[in-house]
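Undergrad: Need the 3D shape of this:
(2 chains)
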Amino acid sequence: MSHQRLRMMLWVLVAIAAIGGLILALQRPSDVSSQQMATIGGPFTLTGSDGKPFPSSRLNGKPAAIFFGFTHCPDVCPTTLARLTKLRRQLDKGDQALSIVFITVDPERDGPAEVGTYASLFGAPVVGLTGSVADIERVKKQFGAFSEKVDQPGGGYSVDHTASVFLMDRNGQFVATLAPEESDGIALAKLKRLG
Amino acid sequence: MIRHLPIFALLLLASCGEQGGPDIKVSNAWSRPTIGQAPGAVYLTIDNKGDGADRLTGAFTDHAAMAMVHQNEVVNGIAKMRMAGEINVPAHDKIEMKPGGTHIMLEGLRAPLRTGDDFDLVLKFRGSKDQTVKVNVLKPEGQ
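TA: Numbers count the residues shown, from 1 in each chain, chains lettered A, B, ... in the order given. From the prediction side, this is the model:
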């Protein structure tokens, strides 16, 4: 083998390695994020406001906006749920175009009746869900949602919790989150993309 | 001239007093409806047209066992609600309490708040006298 040919072949190898490396480098981040996205959500069974089991498969067939909150939350929770019902109205495709789901992170105070009446406050269909403490912990973990009880100086407790809404497509796949800081314009665009 | 000095002094003092004081007006007080034992939140605007600052020190209503000024914050995506302590109302400024921020939380409501209801809320200030404002219970969407 001549010196020149060997040199040429080495360069070709270097080029292949560089291209391979580039492809790997480009692919890796998107692989990781799609894996992470795929781990948000997944099938669950909680308890509906009628006290009966509510499997997440009942949400399939239309997009859903899932919010974790609690009924003793006077500010952020009603603000978020009222905003979602308003945005759904602005979508102008009827109440059936999007499920709005309220999952309590305070199952000790919020039984089926409490989540049911709370959900009925908004003058438009909202699905209220509760469950055992273990059920709620499991679903929180599935969604990467956080909550923590905080004692109130005047007695009783409040609950710190994830402020964002989880937007799922009609197959129950996670698509995006909706943060309270996002403008209604962005929020509406996100909801439209859910289909 | 000398004879009039005390009057001048008095006038000067009076004008000083007026200039330095706060001039508080509370308006646009509203709340969403509530259910069961759940607490309510009142949003309102405190307008200080005076030259002096004042501080909101507390709130009372006959409609609830406790009224507390609360501050809601979203820190790293987590909504946290805490007691706010006293709220400063600077001179020539206004404090607008809006959903997702500062509000007056009503704990132990005597009856759930219903759309169309109204009730009185008393705000206590460090400098100004108590201000009574009528809170309107709006639809769940609020304002």
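Undergrad: need the helix or strand of the chain with the lowest average pLDDT.
TA: The chain I'm using is chain A. Counting by mean pLDDT, DSSP states H and E, chain A has its least confident helix or strand at helix A:3-38, which shows a mean of 66.
Undergrad: which is the next helix or strand following that one?
TA: Downstream of helix A:3-38, the next assigned helix or strand under DSSP states H and E is strand A:45-47.
Undergrad: In its sheet, which strands sit next to the helix or strand following that following strand, and in what direction?
TA: Tracing the chain C-terminally past strand A:45-47 and defining elements by DSSP H and E, one meets strand A:53-55 next. Looking at strand A:53-55 with DSSP bridges, its paired strands and their directions are strand A:45-47 (antiparallel).
Undergrad: Would you mind listing the buried residues in the partner strand?
TA: With burial defined by 16 or more other Cβ atoms under 10 Å in any protein chain shown, the residues of strand A:45-47 counted as buried are A:Leu46, A:Thr47. Using the backbone N, CA and C atoms, a C-beta is placed for each residue, glycine as well.
Undergrad: Let me see the contact set for the residue nearest to B:Arg110 when sequence neighbours are not counted.
TA: For B:Arg110, ignoring the flanking residues on the chain, the nearest one in space by Cβ to Cβ, 6 or more residues apart in numbering or on different chains is B:His63 at 5.6 Å. For B:His63, the contacting residues are B:Leu106, B:Leu109, B:Arg110, B:Ala111, B:Phe119, B:Asp120, B:Leu121, by Cβ atoms under 8 Å, 6 or more residues apart in numbering or on different chains.
Undergrad: so which of these comes closest to chain A?
TA: For the contacts of B:His63, the minimum distance to chain A (Cβ to the nearest Cβ) is 7.6 Å, reached by B:Leu106.
Undergrad: after the helix or strand hosting that closest one comes which helix or strand?
TA: With secondary structure defined by DSSP H and E, B:Leu106 is part of strand B:102-109. Along the chain past strand B:102-109, the next helix or strand (assigned with DSSP H and E) turns out to be strand B:118-125.
Undergrad: What residues does chain A have near chain B?
TA: Taking Cβ under 8 Å from any Cβ of the partner chain as the criterion, chain A approaches chain B at residues A:71-76, A:78-79, A:81-82, A:85-86, A:114, A:117-118, A:120-123, A:146, A:150, A:152-154, A:156, A:158, A:160-164, A:179-181.
Undergrad: and with 7 Å instead?
TA: By Cβ under 7 Å from any Cβ of the partner chain, the part of chain A that sits against chain B consists of A:71-72, A:74-76, A:78-79, A:82, A:86, A:114, A:117-118, A:121-123, A:146, A:153-154, A:158, A:160-164, A:180.
Undergrad: Which of these fall in helices?
TA: Using DSSP state H, the members of the residues of chain A next to chain B that fall within helices are A:Val76, A:Pro78, A:Thr79, A:Ala82, A:Lys86, A:Glu114, A:Thr117, A:Tyr118.
Undergrad: Excluding chain neighbours, what is closest to the last one?
TA: Nearest non-adjacent residue to A:Tyr118, counting by Cβ to Cβ, 6+ apart: A:Thr71, 4.3 Å away.
Undergrad: now swap in the second one and tell me
TA: Leaving out its chain neighbours, the residue that sits closest to A:Pro78 by Cβ to Cβ, 6+ apart is B:Arg32, at 5.1 Å.
Undergrad: Tell me how many other residues crowd the one you found.
TA: Residues within reach of B:Arg32, counting by other Cβ atoms under 10 Å in any protein chain shown, total 25.
Undergrad: quick one: it and B:Asn136 touch, right?
TA: No: in terms of Cβ atoms under 7 Å, B:Arg32 does not count as a neighbour of B:Asn136; the distance is 10.7 Å.
Undergrad: about what we covered before: is chain A within reach of the strand holding B:Leu106?
TA: Yes: legend: contact between strand B:102-109 and chain A by Cβ under 7 Å from any Cβ is shown at B:His103, B:Met105, B:Glu107.
Undergrad: Between those, identify the one with the most neighbours.
TA: Among these, the one with the most neighbours (other Cβ under 10 Å) is B:His103, at 26 neighbours.
Undergrad: Isn't it up against A:Cys73?
TA: No: distance between B:His103 and A:Cys73: 11.4 Å, which falls outside the contact criterion (Cβ under 7 Å).
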